[in-house]
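**Student:** Pasting the sequence and the predicted coordinates here, then a few questions.
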Amino acid sequence: MHLLFFVPGIDETLRVGGRGTLSADPDLLAAMVEFGKPPRAVLNVAVSEVYFHCGKALMRSNLWSSEKMQRSVMPSIGTIIHDQTGLGEPASQETVEELYKTQL
């Protein structure tokens, strides 16, 4: 498996490769409590390689360009989930962002 890490504003990315396993070990979960809640599971990665990717593709895409960032033209995550599952009513991006603030 490989994980690709992006840092906003930085064109280079970090790729971490290795073998991943899911764990529900209680001691491991207890060490990762956030906001008073342990995770349900954790991803354990035995890293075998780590390297940077050059930023050419991100530079060409203007990924971090404020002129190119137009969240308003993209569907909300609530709409995307509704379209994929057909469950409930789609939530606007504003509603989703308010929920993020109160239900972290």
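**Tutor:** Nice, I can see it.
**Student:** any idea how far Val73 is from the closest residue to Leu43 other than its chain neighbours?
**Tutor:** Counting by CB to CB, 6 or more residues apart in numbering, Gly20 is the residue found nearest to Leu43 once chain neighbours are left out, at 5.6 Å. Placement of C-beta: from N, CA and C, glycine included. Distance from Gly20 to Val73, counting by CB to CB, to the nearest Å: 34 Å.
**Student:** List the buried residues in stretch 35-43.
**Tutor:** Val42 (16 or more other CB atoms under 10 Å).
**Student:** can I get the CA coordinates of that stretch in PDB?
**Tutor:** C-alpha atoms of stretch 35-43 as PDB (Å, rounded to 0.1, in the frame of the first residue of the first chain):
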ATOM      1  CA  PHE A  35     -12.000  14.500  21.900                       C
ATOM      2  CA  GLY A  36     -12.600  11.900  24.500                       C
ATOM      3  CA  LYS A  37     -13.200   9.100  22.000                       C
ATOM      4  CA  PRO A  38     -11.000   6.200  20.900                       C
ATOM      5  CA  PRO A  39     -11.000   5.300  17.200                       C
ATOM      6  CA  ARG A  40     -12.800   2.100  16.100                       C
ATOM      7  CA  ALA A  41      -9.700   0.900  14.400                       C
ATOM      8  CA  VAL A  42      -6.200   2.100  13.400                       C
ATOM      9  CA  LEU A  43      -4.100   1.600  10.300                       C
END
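**Student:** Now do the residue of the chain positioned farthest from its centre, the pLDDT please.
**Tutor:** Of all residues in the chain, Asp27 has its C-alpha farthest from the mean position, at 24.6 Å, by CA atoms, centre = their mean. Here, the pLDDT recorded for Asp27 equals 94.
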